[in-house]
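J.: Curious how this folds, go ahead:
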Amino acid sequence: TVCFPVHVNMGDDRPINGSMHPVNYEKPHDVSFDKDNTLMRTRITKGWGEEARDGSTVTLRFTVSAPGDNGEELVYDSDKTMPSGVKFTVGQNFHAEVLDRGVLTLTPGTVANVICIDAQQGYDEVLNLRMPNLPESATKTIKERRHEELMAHEPHMMQDKEVEFWQEAAKWKPPESMTRWHLRIDSVTPGVIPVYMTWPEERLGWSNQQKNFGNELLKHGQPARAARRFKKAMLDLEIPTEWGTEERVIKRNHLRLALHLNIALSGIKSDRWDDAIWHATKALETDKNNVKALFRRGMAHLRKPQHANGLAAALEDLRKAQQLDPSNAEVKRLLAEAKEKQKEYDRSQMNMFSKALEAATY
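T.: I've put the predicted structure just below:
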């Protein structure tokens with residue numbers, strides 16, 4: 001039986017459930033786009049041949065398992081529903097992101113496990129596959145191991161680093177889901193290596209293709225995954241290239257601006273407010289009068305919880321957006337909401353001042 005080799009620190013071979021037995025693997029490594037340990041892959045058997053990359057067509061078989069109250073439980077087996085294998089193009093599909101990221105650099109014949117602790121990345125729209133929540137027994141085990149790690153922590157010599165460590169530790173929460181994806185790669189076609197692209201039009205076309213699929217992900221209600229696709233498009237766009245003509249440079253700049261705006265929108269739709277603010281700001285560095293960027297940054301400032309000066313920043317952005325586009329209904333609506341919040345804040349401050357004044361009088 002293959003156990004879950006990864007849990008709290010993603011590098012431990014103890015099973016989540018006592019009924020699952022550990023085996024010796026290669027060291028797990030992070031294959032998530034954000035490098036946040038949400039997708040940890042371990043290669044069990046090495047294959048041979050073409051490596052899977054963006055643009056590759058991959059055929060594979062896989063199972064999904066999750067810890068249950070009575071041991072490891074099978075969630076899905078592709079052989080039962082798709083006996084000829086699951087086939088998709090890397091970077092251009094609506095299968096689970098754990099599959100899309102999990103197959104990268106793998107070759108035919110490879111067998112690998114990917115531990116996924118993000119239910120969204122485990123959602124497969126094509127197969128209608130959703131990840132189960134962790135049972136209480138597994139959650140309890142994860143909390144206990146996290147506590148063991150913190151107790152074994154050796155203090156940093158620099159006090160600010162120690163403070164930073166414990167601040168991050170205080171933010172930690174156990175994952176709501178944890179699944180093991182057992183992948184068996186059948187075939188791989190050649191993919192795209194962006195760094196090898198030498199023609200500017202080819203690079204522009206490739207980044208536009210990724211942007212367009214990111215837009216499709218947004219339409220399908222997957223904003224976090226869309227943001228990662230937009231960021232990948234931007235990374236590939238920024239690879240040093242001899243752009244040649246001014247027209248191509250303008251095309252590149254327009255595409256970069258569109259990607260910043262799309263990432264800001266994705267951030268708003270996925271409650272990633274800092275992401276939205278940062279990318280809207282980058283868009284405004286290119287075009288200071290961009291109404292979409294002002295609107296999206298204003299919304300992120302307004303919606304971000306416990307955001308110091310967020311209301312003031314939102315009002316500033318939205319007022320400027322309204323000046324630039326007086327007929328924009330969305331801007332009008334959000335500006336009115338921000339003004340109402342300002343009135344509520346002013347009333348609360350006045351009440352506090354009045355109470356303080358009454359107390360001082362007595």
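
J.: which residues touch the residue most central in space within the chain?
T.: Nearest to the mean C-alpha position of the chain, counting by Cα atoms, centre = their mean, stands residue 224 at 4.9 Å. By Cβ atoms under 8 Å, 6 or more residues apart in numbering, the contact list for residue 224 reads 120, 266, 270, 272. In short, each C-beta sits where N, CA and C put it, glycine included.

J.: Let me know the closest of the residues you listed to residue 155.
T.: Lowest distance from residue 155 to those (Cβ to Cβ) belongs to residue 272, with 32.2 Å.

J.: just curious, which of the contacts of residue 224 is nearest to residue 161?
T.: residue 272 (26.1 Å).

J.: wait, that closest one sits on residue 227?
T.: Yes - counting by Cβ atoms under 8 Å, residue 272 does reach residue 227; the two are 7.2 Å apart.

J.: can you list residues touching both of the two?
T.: Joint contacts of residue 272 and residue 227 (Cβ under 8 Å, 6+ apart) are residue 266.

J.: Looking at these two, which is more packed in?
T.: The neighbour comparison of residue 272 against residue 227 (other Cβ atoms under 10 Å) goes to residue 227, with 28 against 20.

J.: my guess is the more buried one contacts residue 275, does it?
T.: Yes - under the criterion of Cβ under 8 Å, residue 227 is in contact with residue 275, at a separation of 6.8 Å.

J.: Quick check: neighbours shared by the two?
T.: 263, 266-267.

J.: From those, keep the buried residues only.
T.: 263, 266-267 (16 or more other Cβ atoms under 10 Å).

J.: Residue 248: which of the residues you listed is nearest?
T.: residue 263 (22.6 Å).

J.: so what's that closest one closest to, chain neighbours aside?
T.: Spatial nearest neighbour of residue 263, excluding adjacent residues (Cβ to Cβ, 6 or more residues apart in numbering): residue 279 at 4.2 Å.

J.: can you tell me how far that neighbour sits from residue 289?
T.: 17 Å (Cβ to Cβ, to the nearest Å).

J.: Can I take it that residue 42 is in a helix?
T.: No - using DSSP: H, G, I helix; E, B strand; the rest coil, the assignment for residue 42 is strand, not a helix.

J.: hang on, it packs against residue 31?
T.: No - taking contacts as Cβ under 8 Å, residue 42 lies outside contact range of residue 31: 10.1 Å.

J.: which neighbours do the two share?
T.: With Cβ under 8 Å, 6+ apart as the test, residue 42 and residue 31 both reach residue 114.

J.: Next up, the contacts around residue 63.
T.: 74-79, 181-182.

J.: Mind giving me the ChimeraX select for these, buried ones only?
T.: To isolate the buried members of those in ChimeraX, using 16+ other Cβ under 10 Å:
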select :75,76,78,181,182
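
J.: the helices in the stretch 201-350 of the chain, which residues?
T.: Secondary structure of the stretch 201-350 of the chain, counting by DSSP state H, counting those that start in this stretch: helices at 223-237, 246-269, 273-286, 291-303, 310-324, 329-361.

J.: Buried deepest among the ones you listed, which one?
T.: When you average the neighbours per residue for each of these (mean count of other Cβ atoms under 10 Å), helix 291-303 leads with a mean of 24.

J.: Residue 300 versus the residue nearest to residue 263, what's the distance?
T.: In terms of Cβ to Cβ, residue 279 sits 9 Å off from residue 300.

J.: okay, and the common contacts of these two?
T.: In contact with both residue 279 and residue 300: 264, 267, using Cβ under 8 Å, 6+ apart.

J.: mind checking the longest strand of the protein?
T.: strand 57-68 (DSSP state E).

J.: Quick check: neighbours of it in the sheet, parallel or antiparallel?
T.: Strand 57-68 has these partner strands in its sheet, going by DSSP bridges: strand 71-77 (antiparallel), strand 86-89 (antiparallel), strand 179-188 (antiparallel).
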